[in-house]
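**Student:** structure for the following, please:
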Amino acid sequence: MREILFRGQEKKSGKWVYGGYYKHYKRQPCPVDDYDKEEDAEHLIIKSGFADWNMPRGIEAFEVKPETVGQFTGMNDGKDQKIFEGDIIRDKSEKKNYCVIYAHMDACFYLSEIIDWNPVECRSRPLGRRNNYYIKVVGSIYDNPELLE
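**Tutor:** Numbers count the residues shown, from 1 in each chain. Okay, here's the model as predicted:
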């Protein structure tokens, strides 16, 4: 079974947290002339908490910055590091940097060229298992924006 995992940067500390993603609305909208507003939403990463042997195990929820939420692609790089949407990948064979994007129309992850980066128009190649040995995660578009240039 494939692993479904998300990550996001916590609002308070800026640290990356990993787990399940949930978009929670703080209020119930009225069915007449009321809409979901973005300011009413909390973006949460939820994971199992710590517990000692045979003790109840709680759930931890972290509020994250919505623009940093990215899904695990199901692939690892040559150093066995997990590859997430929004990561910057270095292709050792081509000596180029790519950004991992999700293409909704194709329902797959792509390595997108970073030169004049536009995730809608620029789809270099699908992210696939044959590429793993030659690629390495070198950062993310949130932590290392200088790698986009």
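
**Student:** make it CA atoms for all contacts and neighbour counts henceforth
**Tutor:** Fine.

**Student:** read off the pLDDT value for residue 1.
**Tutor:** Looking at residue 1, its pLDDT stands at 70.

**Student:** need the contact list for it.
**Tutor:** Residues in contact with residue 1 (C-alpha atoms under 8 Å, 6 or more residues apart in numbering): none are found.

**Student:** for residue 74, see how far away it is.
**Tutor:** Using C-alpha to C-alpha, to the nearest Å, we find residue 1 at a distance of 11 Å from residue 74.

**Student:** how many neighbours does the nearest residue to residue 27 once chain neighbours are set aside have?
**Tutor:** For residue 27, the nearest residue in space outside its immediate sequence neighbours is residue 40; the separation is 6.8 Å by C-alpha to C-alpha, 6 or more residues apart in numbering. Other residues within reach of residue 40, judged by other C-alpha atoms under 10 Å, total 12.

**Student:** tell me the pLDDT of residue 40.
**Tutor:** In this prediction, residue 40 carries a pLDDT score of 79.
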